[in-house]
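Engineer: Give the three-dimensional model of this entry:
(one chain, ligands or ions: 1)
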Amino acid sequence: MTGAASNVHFPHRHLLGIEGLSPDEITVLLDRSESYVEQNRQSDKKKSLLRGRTIINLFIEASTRTRTSFELAGKRLGGDVINISIATSAIKKGETLIDTAMTLNAMHPDVLVVRHPHSGAVKLLSEKVNCAVINGGDGSHEHPTQALLDALTIRHRTGRLSGLVVAICGDITHSRVARSNIHLLTTMGARVRLIAPRTLVPSDAERLGVTVFHDMKAGLADCDIVMMLRLQTERMHRNYFPSIREYFRFFGLTYDKLSVAKPDALVMHPGPMNRGVEIDSEVADDIGRSAIREQVEMGVAVRMACLELLTRNLPEPPPEVH
Ligand code: NCD
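Structural biologist: Numbering: from 1, shown residues only. As a prediction, this is how the structure comes out:
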């Protein structure tokens, strides 16, 4: 597998977002990810591809899935992985993000995976360091590896992306997952619908090549994929909906609302889920319909592919002078 893939090339130093990637570049990442899905199901999951490489996870915002997934991905490829969270970073002591980045850069990491509450912060940091940078989610801007793992899950289940009708439902305004998915899915030829209350979808969303609905059943009619999103209350600075109860009544995914989608429509959620808010528990746990656990599995494979392809592009260190 490794040898056969040595001509696979992703022509970027960093992975900061999906916007601007070509269909071929996305396909390279997905195909490479696919090759790791099987490997991750074996008892011996370890490779030595990243032996000697250092990966630092710098997470200035809460995370369970993404951080663990990058840690596992790095370790399964034989790299050394270090985790820094907001609780353990000097940012808590008033250090700026750039100073933190410069400090880490001086330790010669090969890859920095960064999550930050501000849109654009990861790009800014990538301009100051020598290593490859992967965006693990910046504010409400982009979360590229989430969109890739969602695409891999869909491709795995349906065999394609092109031509599918995908409904992304919930808090679109504050969601980096929605933004990265819109870029990826439209680039790959899927038709994207956004379903949200008027207050939770940008008024100019249609310029992204999507169709906007404010009624769940109208938006879900005959769709192939239903992606549910959490209300990102940590990014809300005013009231966007009257009450949780009313939100669930109109925008929570129930069997009744799902009944208008294709009979085999797949239900997805990036997690963390708020049961009884954006999704009914029974739908979330329906293993026939829900791909939520599979999304987590695909996440590790996608992050392995990203780490592999980006480290391949790193310049060789200059020869040591004695
Ligand atoms: C998402 C995120 O952090 O943007 N979660 C994730 O990475 N799996 C979505 C969310 O927090 O709701």
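Engineer: wait, does the longest helix along the chain make contact with the ligand?
Structural biologist: In the chain, with assignment by DSSP state H, the single longest helix is helix 292-312. No: Helix 292-312 stays clear of the ligand (Cβ under 6 Å from any ligand atom), getting no nearer than 7.8 Å. Using the backbone N, CA and C atoms, a C-beta is placed for each residue, glycine as well.
Engineer: Numbering from 36 from now on, please.
Structural biologist: From this message on, residue numbering opens at 36, which makes the last subject helix 327-347.
Engineer: Helices along this protein, start to end?
Structural biologist: Under the criterion DSSP H, the chain contains helices at 58-76, 100-111, 132-140, 156-161, 179-193, 211-222, 251-255, 279-286, 290-293, 316-319, 327-347.
Engineer: sorry, back to before: which elements pack onto the longest helix of the chain?
Structural biologist: Other helices and strands packing on helix 327-347, by 3 or more Cβ pairs under 8 Å, 6 or more residues apart in numbering; DSSP states H and E, are helix 58-76, helix 100-111, strand 146-151, strand 167-173, helix 179-193, strand 301-303.
Engineer: Not counting its own residues, what contacts the longest one?
Structural biologist: When contacts are taken as Cβ atoms under 8 Å, 6 or more residues apart in numbering, the neighbours of helix 58-76 outside the stretch itself are 36, 40, 43-47, 53, 80, 82, 111, 183-184, 186-187, 190-191, 219, 222-224, 332-333, 335-337, 339-341, 343-344.
Engineer: What is the burial count for the residue of the chain found nearest the ligand?
Structural biologist: Nearest residue of the chain to the ligand, counting by Cβ to the nearest ligand atom: residue 265, 3.7 Å away. Residue 265 has 20 neighbouring residues, counting by other Cβ atoms under 10 Å.
Engineer: same thing with residue 80?
Structural biologist: When neighbours are counted by other Cβ under 10 Å, residue 80 registers 15.
Engineer: Check residue 200 too.
Structural biologist: Residues lying near residue 200 (other Cβ under 10 Å) number 20.
Engineer: Let me see the contact set for the residue lying closest to it once chain neighbours are set aside.
Structural biologist: Using Cβ to Cβ, 6 or more residues apart in numbering and skipping the chain neighbours, the partner closest in space to residue 200 is residue 258 (4.4 Å). Contact analysis of residue 258 by Cβ under 8 Å, 6+ apart lists 200-202, 228, 296-297, 300.
Engineer: mind putting those in a markdown table, pLDDT and distance to the ligand included?
Structural biologist: Shown next, in a markdown table, are the contacts of residue 258 (pLDDT from 0 to 100; distance: Cβ to the nearest ligand atom, whole Å):
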| residue | pLDDT | distance to the ligand |
| --- | --- | --- |
| 200 | 98 | 22 |
| 201 | 98 | 17 |
| 202 | 99 | 17 |
| 228 | 98 | 19 |
| 296 | 98 | 22 |
| 297 | 98 | 25 |
| 300 | 98 | 21 |
